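[1] fold the following for me, if possible:
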Amino acid sequence: MFGIPGQAPVTMTDAAVRQISKLMEKDGRYGLKIGVKKGGCAGMEYTMDYVDTADDNDEVVERDGARVLIAPMAQMFLFGTEIDYETALLESGFKFRNPNVVDACGCGESIKFKDVDELAAERED
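    Residues are numbered from 1 along each chain as shown. Next comes the predicted model:
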């Protein structure tokens, strides 16, 4: 695990908690699993899927009935991220405020993270 003992790897705004809880209840799901994968013009993309169970190595963050699971390979990239849910006139959706992102594409769909060695060194400090 990468992170600080006793500190949640991600936080959720009130809006995100409400939306995640609402969708979990509507579909009877265990939680929202977040990961990262290669793709997009900046190199990486977030993945989000509602799941029925947690895998053994998932990091689980719960708040007021909302449950977020972080896939093992994504944990170092997501540490310190705030998850929000924004509603706008033309679109609504989850937004990630991630201090580990160094670049994003113009459409906002893909991101580039700090170098893996740099991320690991920051976690050791």
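
[2] going forward, measure contacts and count neighbours with C-alpha atoms only.
    OK.

[3] could I get the CA-only coordinates of the helix or strand hosting residue 60 as CSV?
    Residue 60 belongs to strand 59-63 when assigned by DSSP states H and E. The C-alpha coordinates for strand 59-63 follow below in CSV (Å, rounded to 0.1, in the frame of the first residue of the first chain):
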residue,chain,number,x,y,z
GLU,A,59,-8.5,-0.3,-0.7
VAL,A,60,-12.0,0.5,0.7
VAL,A,61,-13.0,4.0,1.7
GLU,A,62,-16.5,4.5,3.2
ARG,A,63,-18.3,7.7,4.2
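
[4] what about it, average pLDDT?
    Mean pLDDT, strand 59-63: 94.

[5] for the helix or strand following that strand, packing partners?
    Heading C-terminal from strand 59-63, the first helix or strand you meet, by DSSP H and E, is strand 66-70. Judged by 3 or more Cα pairs under 8 Å, 6 or more residues apart in numbering; DSSP states H and E, the packing partners of strand 66-70 are helix 14-27, strand 31-38, strand 59-63.

[6] quick one: mean pLDDT for the longest one?
    Confidence over helix 14-27, taken as the mean pLDDT, stands at 93.

[7] tell me the angle of that helix relative to strand 66-70?
    Relative orientation of helix 14-27 versus strand 66-70 (axes from the mean of the first three to the mean of the last three Cα atoms, to 10 degrees): 90 degrees.

[8] tell me which residues are up against stretch 79-88.
    Contacts with stretch 79-88, where a contact means Cα atoms under 8 Å, 6 or more residues apart in numbering, come from 2-3, 9-16, 19, 92-100.

[9] what residues are bridge-paired with the residue nearest to the spatial centre of the chain?
    Centroid-nearest residue in the chain: residue 34, 4.8 Å away (criterion: Cα atoms, centre = their mean). Here residue 34 sits in beta bridges with residue 48, residue 70, as judged by DSSP bridges.

[10] so which bits of stretch 31-39 are buried?
    Across stretch 31-39, burial judged by 16 or more other Cα atoms under 10 Å covers 31-36.

[11] which stretches of the chain have low pLDDT?
    Scanning the chain for pLDDT under 70 picks out 1-7, 42, 106-125.

[12] hmm, what's the outermost residue in this protein?
    Relative to the C-alpha centroid of the chain, counting by Cα atoms, centre = their mean, residue 89 is the outermost residue, at 23.9 Å.
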